[in-house]
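Undergrad: Structure, please.
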Amino acid sequence: MLNFEKAGDFSDVILEKAGYVARITLNDPETMNTGVKDFWKALGAVEEMDDVKVLIIKGAGRALSAGAPLHEVGFVYGWKEPKPGEKAPRTPIRHRLKFDRKLFYECAMKLLFFPKITIVQAHGYLLGAAMDMYMLCDFIIGTEDCRFGEVEVRLGMPMLTITPIMILRCGLTNALDLCLTGRMIDGKEAARIGLINRAVPADKLEEEVNRYAEGFARFPFDGIAMGKASKQVVYDMMGITSGLTHHFMMHTMGTNIHFEPDEFNFFKARRDMGVREAIHARNKFYELLDK
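TA: Here you go, the predicted structure:
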C-alpha cells in the first residue's frame, strides 16, 4: 500500500512521495485545474529525486483538467481586449512564438522524455491542451465516465491539434474524428480506440493507479533509465519529436485566425458575454458535430 507524505511546497499543486513513487496533484479545483501554474516546478523537483521511479499525475476536485484556461487565451501573448467597434491590436509574432515554443515544445519535450515512468490518473474531464500534454505520458488510466476531447478545436482550428502521438495512440481515423468534431468521448470509448491504456470504474481508479505504480516501481532504476533512453531514440526515428516542432509553430499560426461574420468568434463572444456563456454559445454553434 502506498502511504503518501508531503514532499514539497507549491501554490496550486500538491507534491507527495511514497517509497519509490511520487505524486503531483493539480490543486485548482475551482477552474477544474485549467489554471495551474506550479506544475512544471513540481515536475522539476521530482526529476531531481534520484530515489523516485514512478510519477503519478492526478487532479483535485471534479476533474483532472478541463483544458486551457479560456479566460487567459490570447491574453498570455499580450493581447488587449478591444472595445466593441475597435480593431484588435496585433501582438508581435515573436512574442507568440516565444510563448508557444516554451509551452508546446520545451515543456512538452520535458514531459515526453521525463526520466521517471509517468502515469496519468484521469477523472471527470481531460480536455483540449491538457489532453494533448498528458498523452505524452507513458500510461493513462481513466474512469469509465471521464470525458476526453479536443474541444479547443472549436475555437476555430479543426485538425490543428492533431499530432503524431495522437495518431499512434488511436489511429488516423479516430484522431481525425476527435480533431475535426471536437466531440467528447467517455473513458470506455477512449480505451477501446487506444487513446488511453485502461478505463476503470470511478471507485476503483485510485486503487488501480496505485497498483500499477507499485508494479512499475519494481523495475530497477537503471532498467527504467535505459528504457527511457530507448524510447527517445524510437520516438526520434518515428518523427514524434519533430511533430512537436510542427505543433507549436502551427499553434502560433492559428493565433492569426480571421473570422467571417457568419463564423463563430469565441474571442468576440468572450468579450461580449463572459467566458462561461461564450463556452455555452460555442457548444451550441457546433452542436451538429456532437451526434
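Undergrad: Which parts of this structure are strands?
TA: Here the chain has its strands, by DSSP state E, at 5-6, 13-18, 21-26, 54-59, 117-122, 125-127, 139-143, 147-149, 184-186, 198-200.
Undergrad: so can I have CSV of the ones you listed showing mean neighbour count?
TA: (C-beta placed from N, C-alpha, C; glycine too.) Listed next are the strands of the chain as CSV, based on neighbours: other C-beta atoms under 10 Å:
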stretch, mean neighbour count
strand 5-6, 8
strand 13-18, 20
strand 21-26, 24
strand 54-59, 26
strand 117-122, 25
strand 125-127, 27
strand 139-143, 25
strand 147-149, 24
strand 184-186, 18
strand 198-200, 19
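Undergrad: Rebuild the ones you listed as JSON lines, extending it with distance to residue 249 and mean pLDDT.
TA: JSON lines is the format used below for those (distance: least, C-beta to C-beta, whole Å; pLDDT from 0 to 100):
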{"stretch": "strand 5-6", "distance to residue 249": "40", "mean pLDDT": "96"}
{"stretch": "strand 13-18", "distance to residue 249": "29", "mean pLDDT": "98"}
{"stretch": "strand 21-26", "distance to residue 249": "27", "mean pLDDT": "98"}
{"stretch": "strand 54-59", "distance to residue 249": "26", "mean pLDDT": "98"}
{"stretch": "strand 117-122", "distance to residue 249": "25", "mean pLDDT": "98"}
{"stretch": "strand 125-127", "distance to residue 249": "23", "mean pLDDT": "98"}
{"stretch": "strand 139-143", "distance to residue 249": "26", "mean pLDDT": "98"}
{"stretch": "strand 147-149", "distance to residue 249": "24", "mean pLDDT": "98"}
{"stretch": "strand 184-186", "distance to residue 249": "27", "mean pLDDT": "98"}
{"stretch": "strand 198-200", "distance to residue 249": "33", "mean pLDDT": "98"}
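Undergrad: With distance to residue 108 as added columns, please give these in JSON lines.
TA: Below are the strands of the chain laid out as JSON lines (distance: least, C-beta to C-beta, whole Å):
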{"stretch": "strand 5-6", "distance to residue 108": "28"}
{"stretch": "strand 13-18", "distance to residue 108": "18"}
{"stretch": "strand 21-26", "distance to residue 108": "16"}
{"stretch": "strand 54-59", "distance to residue 108": "14"}
{"stretch": "strand 117-122", "distance to residue 108": "13"}
{"stretch": "strand 125-127", "distance to residue 108": "16"}
{"stretch": "strand 139-143", "distance to residue 108": "16"}
{"stretch": "strand 147-149", "distance to residue 108": "18"}
{"stretch": "strand 184-186", "distance to residue 108": "22"}
{"stretch": "strand 198-200", "distance to residue 108": "23"}
